[in-house]
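1. I'd like to go over a predicted model; first the sequence, then the structure.
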Amino acid sequence: MSKILIVEDETKIARFVELELKHEGYEVQTAFDGRSGLSMCESWQPDLLILDLMLPELSGIEVCRRLRQQSDIPIIMLTAKDDVSDKVMGLDMGADDYMTKPFAIEELLARIRVALKKHRGDISQTSGVLSAGLLKLEPASYSTSFSGESIALTKKEFDLLHYLWQHEHTAISRDELLENVWGYDFAGDTNIVDVYIRYLRQKIDDRYAIKTIHTIRAVGYMFRYEH
C-alpha cells in the first residue's frame with residue numbers, strides 16, 4: 001500500500017482528496033501548513049507528496065526545494081494559479097507534476113498512478129551513459145557535462161534532454177514529450193515544452209557553440225549533435 005502525504009491549507013480540499021485516496025486504497029496523512037508538511041514528510045517517509053503551492057509557515061516551493069536536497073519522492077504540486085511561470089517555478093524546484101485548481105479527482109488519481117509507476121521504474125536510473133562529441137549525459141548520477149565541465153540542469157531539463165537523446169535523429173512531437181517527460185497529457189499546454197527547450201539551448205547550445213536540439217517545423221524537436 002502506497003503512502004501519500006497531502007499538504008494543503010484549504011481544509012475542504014484536503015479532506016476531500018484524503019477521503020478519495022483512502023477509498024482507492026492508499027494510506028494517507030494530511031498537513032495544513034508547509035512546516036508541518038516538511039516535518040511529516042521527513043518522519044513518515046511517504047511514497048508521494050501532494051503539495052499546495054501557497055501555504056502558511058513555508059511555501060510549497062520552499063518545501064519542495066528543501067525536500068529535493070535529500071529525497072527524490074514524487075511531488076505533485078497544486079495551485080489556484082494557472083500561469084506558465086508558476087508551473088516552471090514548481091517544476092524547476094523539482095516537482096514531478098502540476099495541477100491547477102479546480103481539478104477533477106479522476107485526473108489527480110491518474111497522475112498519482114503515473115508518478116508512482118514512473119518513480120518505481122525510472123528509466124533514467126537504468127539507462128547507460130550517453131556521449132556525443134564532448135557532451136556527456138550520465139543518467140545514474142543525473143549529471144551532464146561538456147569537455148569535463150559540469151552543466152547544471154534541473155531535473156525536468158535533464159529528463160527532457162535524456163528523452164530526446166534516447167531518440168537521437170528522430171523527430172519528437174511536443175505532445176509526445178509532454179506525455180513521456182512530464183508523465184501525462186498536459187492538457188495541450190505545449191508551451192511549457194518550448195520554455196524548457198529554450199532553457200536547454202541557453203545552457204548547452206549557446207554556451208558551447210554547438211547544436212544539439214533542432215526544431216522540426218510542424219512536428220516538434222530532434223536531438224542531433226553538430227559542432
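-> Happy to help now that I have it. Residues are numbered from 1 along each chain as shown.
2. And the helices in the chain?
-> 11-23, 34-44, 60-68, 84-92, 105-120, 155-166, 174-181, 191-200, 206-208 (DSSP state H).
3. quick one, which of those helices is nearest to residue 147?
-> Across those, residue 147 has its closest neighbour in helix 206-208 (7.9 Å, Cβ to Cβ). From N, CA and C alone the C-beta is placed, and that goes for glycine too.
4. Next one, pLDDT for residue 198 please.
-> Per-residue confidence (pLDDT) for residue 198: 95.
5. Tell me how many other residues crowd it.
-> Other residues near residue 198 number 12, with proximity taken as other Cβ atoms under 10 Å.
6. which residues touch it?
-> Applying Cβ atoms under 8 Å, 6 or more residues apart in numbering to residue 198 gives no contacts.
7. same thing with the one 10 residues further on?
-> Remark: with contacts taken as Cβ under 8 Å, 6+ apart, residue 208 is in contact with 134, 135, 146, 147.
8. can you do 6 Å?
-> residue 146 (Cβ atoms under 6 Å, 6 or more residues apart in numbering).
9. Please tell me how far it sits from residue 154.
-> As judged by Cβ to Cβ, to the nearest Å, residue 208 and residue 154 stand 18 Å apart.
10. possible to save the helices of the chain as CSV with distance to residue 142?
-> Listed next are the helices of the chain as CSV, based on distance: least, Cβ to Cβ, whole Å:
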stretch, distance to residue 142
helix 11-23, 29
helix 34-44, 21
helix 60-68, 11
helix 84-92, 14
helix 105-120, 14
helix 155-166, 6
helix 174-181, 14
helix 191-200, 15
helix 206-208, 19
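11. Good, wrapping up.
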